[in-house]
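*Asks:* This is the structure alone, sequence omitted:
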Ligand SMILES: [Zn+2]
């Protein structure tokens, strides 16, 4: 008898040391060893041989708006976590806004956890929110296990989640730094947005002009300044403006504690291809030009951008009107993020190891889950995606598990079919068939 319960084998296993043929043993929901391909399998263990399909660590998506409870007609824990599982994601961290209540007090966090607990098909953690009037709630939320705090520097789009002005940002950030927490920031400067031309209507060029790069650049510059002054840890959410890259690179070189994410839509879609009136492409900051996108890829390659997350932020279809000024801003990409990023990464000469680094290892590190998630190595949770990287599929919204099947990727042909997804050694989805919810609610450091 051995302790090994499950043995996973593939000619292509993505490990921290690279991709190689290997045999992975699992016991008690954890990886116990990564062995040579032809290692003997204990007779009492179950063997799953994936042939040439790639075994990669389950993705960790630290930027998802689940909207549950309160706006469950937009999304919910049941649908979001199934969509994530279908896309190879095994951990998500839920944003504090768009649900009602927002995650801005310990009581509200408890409400959210109660709603999520029986619906989670993958592991779920929570961000808290930093509002102008909840500085006193930040430490209790930190102690209750949120992974950090989100703040907006410009209006968020929902009234119950107001933004922080310069002074309030300083106050919240000082409080968060006092207990060693992380502030994650939607960085667009409200004054630059106010000064930009606001035409409204269906033209994408007008919408793009209304959210200029300098709004991002200015906000990021101010955030970096405050992080430096307070020696605080900050994270720039959904970077779109490539003009901000030099100042981020400079801050990192100086030792400022700043990390940066970007999103599949900024890396795979371009302003030039957005049809007028097509607000399924609307998000803030916006999808920019192809030349901007090239620089984002370069920054991922050189490490100026740390990671890639979905910023899955759906709404009901009726809010996606053809007026870019008033349509809901948010792109649904949870189920498609791995394939979308892999398709473009592959075209640009990157390997799947790079995609895993950006979408699993680095995001796990961002939220301090890197002892348990984000790599195939002994001791970590047995969370995997099995991917056929050279198979293609055409995106059919009807095949999505999102509650609202609206997507900017409709009709695109993507590389990378997720064959199955595994959570702590259990297959949670294979070929579109799900098990019941097996996800756990995660807290920081636990
Ligand atoms: Zn977001």
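*Replies:* Alright, I've got the coordinates. Not measured: the values here are computed from a predicted model. Numbering: from 1, shown residues only.

*Asks:* separation between residue 342 and residue 158?
*Replies:* As for residue 342, its distance to residue 158 is 32 Å (criterion: Cβ to Cβ, to the nearest Å). In short, each C-beta sits where N, CA and C put it, glycine included.

*Asks:* Comparing those two, which residue is more hemmed in?
*Replies:* residue 342 (25 against 15; other Cβ atoms under 10 Å).

*Asks:* Report all helices and strands that the strand or helix carrying that one contacts.
*Replies:* Here residue 342 sits within helix 337-347, counting by DSSP states H and E. For helix 337-347, the packing partners by 3 or more Cβ pairs under 8 Å, 6 or more residues apart in numbering; DSSP states H and E come out as strand 59-64, helix 264-268, helix 352-356, strand 384-394, strand 413-423.

*Asks:* That helix to strand 384-394, inter-axis angle?
*Replies:* Our comparison of helix 337-347 with strand 384-394, counting by axes from the mean of the first three to the mean of the last three Cα atoms, to 10 degrees, yields an angle of 70 degrees.

*Asks:* can you list contacts of helix 337-347?
*Replies:* Outside of helix 337-347, the residues within contact range by Cβ atoms under 8 Å, 6 or more residues apart in numbering are 59, 61, 87-89, 264-265, 267-268, 297, 308, 310, 312, 333, 351-352, 354-355, 358-359, 385, 387, 389, 393, 409, 412, 414-418.

*Asks:* Show the buried residues in the residues you listed.
*Replies:* Among those, those buried by neighbour count (16 or more other Cβ atoms under 10 Å) are 59, 61, 87-89, 264-265, 267-268, 297, 308, 310, 312, 333, 352, 354-355, 358-359, 385, 387, 389, 393, 409, 412, 414-418.

*Asks:* okay, and for this structure, where does confidence drop off?
*Replies:* Applying pLDDT under 70 to the chain flags the ranges 1-2, 446.

*Asks:* Spell out the residue ranges of the helices in it.
*Replies:* Per DSSP state H, the chain carries helices over the ranges 77-86, 106-116, 135-143, 166-178, 190-195, 204-210, 213-230, 245-254, 264-268, 290-302, 337-347, 352-356, 362-366.

*Asks:* To residue 398, which of these lies closest?
*Replies:* Of all the helices of the chain, it is helix 77-86 that lies closest to residue 398, at 13.3 Å by Cβ to Cβ.

*Asks:* List phi and psi for residue 351.
*Replies:* Residue 351 adopts backbone torsions of phi -100, psi 170, taken as degrees, to the nearest 10.

*Asks:* residue contacts, it?
*Replies:* Contacts for residue 351 (Cβ under 8 Å, 6+ apart) come out as 19, 345.

*Asks:* can you put the helices and strands packed on helix 337-347 in JSON lines and add distance to residue 80?
*Replies:* Below are the helices and strands packed on helix 337-347 laid out as JSON lines (distance: least, Cβ to Cβ, whole Å):
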{"stretch": "strand 59-64", "distance to residue 80": "6"}
{"stretch": "helix 264-268", "distance to residue 80": "16"}
{"stretch": "helix 352-356", "distance to residue 80": "21"}
{"stretch": "strand 384-394", "distance to residue 80": "17"}
{"stretch": "strand 413-423", "distance to residue 80": "14"}
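
*Asks:* and residue 5, which of these is closest to it?
*Replies:* Closest to residue 5 of the helices and strands packed on helix 337-347 is strand 413-423 (Cβ to Cβ; 12.5 Å).

*Asks:* Now do that closest one against helix 337-347, angle only.
*Replies:* Using the same axes, to 10 degrees, the inter-axis angle of strand 413-423 relative to helix 337-347 is 130 degrees.

*Asks:* Any idea what residue 386 is bridged to?
*Replies:* Note on residue 386: beta-bridge partners by DSSP bridges are residue 55, residue 420.

*Asks:* which ones are touching it?
*Replies:* With contacts defined as Cβ under 8 Å, 6+ apart, residue 386 is in contact with 10, 50, 53, 54, 55, 56, 418, 419, 420, 421, 422.

*Asks:* Touching, the fourth one and residue 352? I think so.
*Replies:* Yes - counting by Cβ atoms under 8 Å, residue 352 is a contact partner of residue 54 at 6.2 Å.

*Asks:* which parts of stretch 272-281 are buried?
*Replies:* 274, 277, 278, 279, 280, 281.

*Asks:* Check stretch 109-122 too.
*Replies:* Using 16+ other Cβ under 10 Å as the test for burial, stretch 109-122 gives 109, 111, 112, 113, 115, 116, 119, 120, 121, 122.

*Asks:* and the residues you listed as TSV, adding distance to residue 233?
*Replies:* TSV is the format used below for these (distance: Cβ to Cβ, whole Å):
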residue	distance to residue 233
109	21
111	27
112	24
113	25
115	29
116	26
119	31
120	27
121	31
122	26
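
*Asks:* Closest one of those to residue 225?
*Replies:* The nearest member of those to residue 225, counting by Cβ to Cβ, is residue 109 at 30.4 Å.

*Asks:* Count the residues that sit near residue 5.
*Replies:* For residue 5, the neighbour count with other Cβ under 10 Å is 17.

*Asks:* So it is in contact with residue 425, correct?
*Replies:* Yes - judged on Cβ under 8 Å, residue 5 makes contact with residue 425 at a distance of 6.7 Å.

*Asks:* hey, what's in contact with both of those two?
*Replies:* 26, 27, 28.

*Asks:* what sits against the first one?
*Replies:* To tie it back to what came earlier, the one meant is residue 26. Applying Cβ under 8 Å, 6+ apart, we find residue 26 in contact with 4, 5, 6, 7, 8, 32, 382, 425.

*Asks:* Geometrically speaking, which residue is the centre of this structure?
*Replies:* The centre of the chain sits closest to residue 309, judged by Cα atoms, centre = their mean, with a distance of 2.8 Å.
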